[in-house]
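Q: Okay, here's the prediction I keep looking at, along with the sequence it came from:
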Amino acid sequence: MNTVFVARKLTLSDSFKERAEQKLKKLDRFFDDVKAQVAVSTQKDQASVELTVWAEGMIFRAEARNTDKLDALNEAIDNLIRRIRKNKTRLQKKVKGSAFELPEESLSEEDEYDVIRTKEVALRPMDVDEAILQMNMLGHSFFVFLNAESGAVNVVYRRNNGGYGLIVPQGK
């Protein structure tokens, strides 16, 4: 497993890094080749741990906050494993071949509209169910993808009243 640590507003001890790598080894039973990023930050009395895992072309993300960074790490890993288990049968069907390349992030300086961040995403053809699965695994409220049936860029999103929505472009 390849693990990268990012610390914001604090210094990570070697014991924390070893504990995190030990906990992340739990993911080896689900995937062969795993790359992980552990981002730890503090705000006031709370530690925040963000886990981003790239495995077999899929991206998984979990975040947890707690007063202790080890407790936050444990919660984030438990959340991630719970999502993977919940969607295991779907993942086994969908995780064939490469899904995504790692997105490149860059800052854009727009004075007029104050764009804070621009994110480029490599799109690959997928069906709506796979896009919803990927959105859930990332923990996002929407997901942009290339529809395999129509070849158009679509957006799936989580509705406030439950269920999911699909945005399809009209005309050319």
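A: Nice, I can see it. Numbering: from 1, shown residues only.
Q: excluding its backbone neighbours, what's nearest residue 81?
A: Excluding the flanking residues, the one nearest residue 81 by CB to CB, 6 or more residues apart in numbering is residue 26, at 6.2 Å. Heads up, the C-betas are built off the backbone N, CA and C, glycines and all.
Q: Residue 24 now?
A: Nearest to residue 24 is residue 36, by CB to CB, 6+ apart, at 5.4 Å.
Q: For the helix or strand containing that neighbour, list the C-alpha coordinates in CSV.
A: Residue 36 is part of strand 34-43 when elements are defined by DSSP states H and E. Taking C-alpha atoms only, strand 34-43 is exported to CSV below (Å, rounded to 0.1, in the frame of the first residue of the first chain):
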residue,chain,number,x,y,z
VAL,A,34,-4.3,0.6,-3.0
LYS,A,35,-3.1,4.1,-2.9
ALA,A,36,-4.2,6.3,0.0
GLN,A,37,-4.0,9.9,1.1
VAL,A,38,-4.5,10.8,4.8
ALA,A,39,-5.1,14.5,5.3
VAL,A,40,-5.2,15.6,9.0
SER,A,41,-6.1,19.1,10.1
THR,A,42,-7.2,20.8,13.3
GLN,A,43,-9.6,23.6,13.9
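Q: quick one, whatever helix or strand residue 48 lives in and strand 34-43 angle?
A: Assigned by DSSP H and E, residue 48 belongs to strand 46-55. Here strand 46-55 points in a direction 170 degrees away from that of strand 34-43 (axes from the mean of the first three to the mean of the last three CA atoms, to 10 degrees).
Q: Which neighbouring elements make contact with strand 46-55?
A: Counting contacts by 3 or more CB pairs under 8 Å, 6 or more residues apart in numbering; DSSP states H and E, strand 46-55 packs against strand 34-43, strand 58-66, helix 69-86.
Q: list the buried ones in stretch 154-165?
A: 154, 156, 157, 164 (16 or more other CB atoms under 10 Å).
Q: Compare the helices and strands packed on strand 46-55 and give me the one nearest residue 22.
A: The closest of the helices and strands packed on strand 46-55 to residue 22 is helix 69-86. By CB to CB, the value is 10.2 Å.
Q: Which strands and helices lie in contact with that closest one?
A: Here helix 69-86 touches helix 14-24, strand 34-43, strand 46-55, strand 58-66, helix 128-138, going by 3+ CB pairs under 8 Å, 6+ apart.
Q: could you dump these to TSV with mean pLDDT, mean neighbour count and distance to residue 170?
A: Shown next, in TSV, are the helices and strands packed on helix 69-86 (pLDDT from 0 to 100; neighbours: other CB atoms under 10 Å; distance: least, CB to CB, whole Å):
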stretch	mean pLDDT	mean neighbour count	distance to residue 170
helix 14-24	90	14	44
strand 34-43	90	17	38
strand 46-55	89	20	34
strand 58-66	88	19	29
helix 128-138	89	19	17
